[in-house]
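In: fold the following for me, if possible:
(one chain, ligands or ions: 2)
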Amino acid sequence: MNKVVLVTGANSGIGLALCERLLAQDPQVQLCLACRNMQRAEAARSALLLSHGDARIALLRLDVGSVRSVLKVAEEVKLRYNRLDYLYLNAGIMPNPQVDFKALFKGLFSRNVIHMFATAEGLLTQQDRVNADGLQEVFATNLFGHFLLVRELEPVLCQPGHTARLIWTSSSNARRSAFSLDDIQHRKGAEPYSSSKYASDLLSLALNRRYNSQGLFSSVICPGLVMTNLTYGILPSFFWTLIMPIMWLIRVFTNTFTLTPYNGAEALSWLFLQRPESLDPWAKYHSLTSGLGNNYSQPRKMDIDEATSEALYEQLLELESEVRKKMREEDEEVHPPGH
Ligand SMILES: NC(=O)C1=CN([C@@H]2O[C@H](COP(=O)(O)OP(=O)(O)OC[C@H]3O[C@@H](n4cnc5c(N)ncnc54)[C@H](OP(=O)(O)O)[C@@H]3O)[C@@H](O)[C@H]2O)C=CC1
Ligand SMILES: CC(C)=CCC[C@@H](C)[C@H]1CC[C@H]2C3=C(CC[C@]12C)[C@@]1(C)CCC(=O)[C@@H](C)[C@@H]1CC3
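Out: Numbering: from 1, shown residues only. Ligands and ions are numbered 1, 2, ... in the order given. Got it, this is the predicted structure:
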């Protein structure tokens, strides 16, 4: 049976590299690229068809940061497919990043230098904003939209006698200290990216608890440091050109500098081949690249706990019913009942 795979944020970077790798592993796979920018999505499909002429690749317009778009796309998926085997929750943003250069230079001469380069801990802040749904944009895009998508796609993911997979692109920048149950959207802090990625680690655990008995399994990966639109957006392009040789040099000393999207997609494509029952719900699967350029995946225990994960899940369910109510009210304003 051909596997049906939906990838969010598939038009560039790690998502696009994943699609290439999936087609190379299994040319029969049915890919569905769920993207916000359709021009880039078309370009991605053409690029994939160049190397895999017979591939089955569908496109869907999805702005995962918009509640309406998620609900609409989920309806479309349920119409098109009666079963979904893999849902890669990969789309992500880090808006207006600022590098703390003082911390960077201090870190360069400390014993923590490798850890700093692997996680960017203490190096990056971002400026978030409230989106049209009244949600924090980073939270809405990196976490909540994906949560809603999973909830909406439950009928095609959870089917008797069938296993399905959720695979989250998290990050080693996910940090407990950036996340708070009192502020899951990170309205007050300056590290929304780190908070949203930590929340995805917690959410994956909670999803496993709720859905494993229905044949749905969730895993989390970290792609390492990959040069993509997201990373290039952190500093001006001339800076990257200048430090690229240093980046390749650092790679000799740390296996987390995967650098290319192909390498970064290692854990995502490795998970595609694993039996879900063999995976550890407490582990984050890291894409790693050795100094000689060999790729491998490695599980590392996440700094998460069940109580926080369950409490987050409950809050997400509450928020879900609030946004659904708001959507219904908005719809009724446009089309009042009885008219
Ligand atoms: N690069 C790195 O070093 C690391 C990346 N990651 C994670 O990897 C994932 C992929 O990022 P990466 O490939 O690096 O960066 P890219 O910017 O290349 O890819 C991000 C993808 O997400 C899409 N996207 C962003 N916002 C939305 C939205 N609202 N709706 C739908 N799609 C959206 C983008 O589409 P569009 O073209 O419309 O912008 C793009 O396809 C992210 O979750 C990121 O956090 C994690 C750790 C390290
Ligand atoms: C090499 C020199 C001298 C400077 C580059 C410094 C930073 C710009 C760079 C160091 C660690 C990087 C990093 C990320 C972005 C760029 C850095 C801050 C990420 C935050 C990108 C997104 C992620 O999710 C993380 C896993 C990355 C961690 C490391």
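In: remind me, longest helix of this structure?
Out: Counting residues, the longest helix found in the chain (DSSP state H) is helix 306-334.
In: ramachandran angles for the nearest residue to Arg56 once chain neighbours are set aside?
Out: Residue nearest to Arg56 in three dimensions, not counting chain neighbours: Gln30, with 4.7 Å by CB to CB, 6 or more residues apart in numbering. Every residue, glycine included, has its C-beta placed from N, CA and C. Main-chain torsions, Gln30, degrees, to the nearest 10: phi -100, psi 110.
In: the residue in the stretch 1-150 of the chain positioned nearest to ligand 2: neighbour count?
Out: Closest contact between the stretch 1-150 of the chain and ligand 2, by CB to the nearest ligand atom, is at Ala120 (3.5 Å). For Ala120, the number of neighbouring residues by other CB atoms under 10 Å comes to 24.
In: now it: phi and psi?
Out: phi 60, psi 20.
In: contact partners for it?
Out: By CB atoms under 8 Å, 6 or more residues apart in numbering, the residues touching Ala120 are Asn173.
In: show me the shaky parts of this protein.
Out: 339 (pLDDT under 70).
In: which residues in it form strands?
Out: For the chain, the strands defined by DSSP state E cover 4-8, 30-35, 56-61, 86-89, 98-99, 124-125, 164-169, 216-222, 283-289, 295-301.
In: as TSV, these with distance to ligand 1 would be great.
Out: TSV is the format used below for these (distance: least, CB to the nearest ligand atom, whole Å):
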stretch	distance to ligand 1
strand 4-8	6
strand 30-35	6
strand 56-61	9
strand 86-89	8
strand 98-99	14
strand 124-125	11
strand 164-169	4
strand 216-222	6
strand 283-289	9
strand 295-301	14
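In: list the contacts of the closest residue to Tyr211 other than its chain neighbours.
Out: Spatial nearest neighbour of Tyr211, excluding adjacent residues (CB to CB, 6+ apart): Cys158 at 6.6 Å. Shown in contact with Cys158 (CB under 8 Å, 6+ apart): Ala164, Tyr211, Gln214, Gly215, Leu216.
In: specify the beta-bridge partners of the residue nearest to Arg56.
Out: Assessed by DSSP bridges, Gln30 has beta-bridge partners Val4, Arg56.
In: and it, how many neighbours?
Out: Counted with other CB under 10 Å, residues neighbouring Gln30 total 18.
In: so it touches Val77, yeah?
Out: No. Using CB atoms under 8 Å, Gln30 makes no contact with Val77, being 11.8 Å away.
In: which residue packs closest to Phe147, ignoring adjacent ones?
Out: Leu316 (5.3 Å).
In: any idea how far ligand 2 is from that neighbour?
Out: 22 Å (CB to the nearest ligand atom, to the nearest Å).
In: if we can go back for a sec, distance from the chain centre to the longest helix of the chain, please.
Out: 20 Å (CA atoms, centre = their mean, to the nearest Å).
In: next, the buried residues of that helix.
Out: Across helix 306-334, burial judged by 16 or more other CB atoms under 10 Å covers Thr308, Ser309, Leu312, Tyr313, Leu316, Leu319, Glu320, Val323.
In: return the residues in contact with the nearest residue to the last one once chain neighbours are set aside.
Out: Spatial nearest neighbour of Val323, excluding adjacent residues (CB to CB, 6+ apart): Val67 at 5.1 Å. Contacts here follow CB under 8 Å, 6+ apart; on that basis Val67 touches Asp133, Leu135, Ala140, Gly145, Leu148, Val323, Met327.
In: many thanks, I have nothing further to ask.
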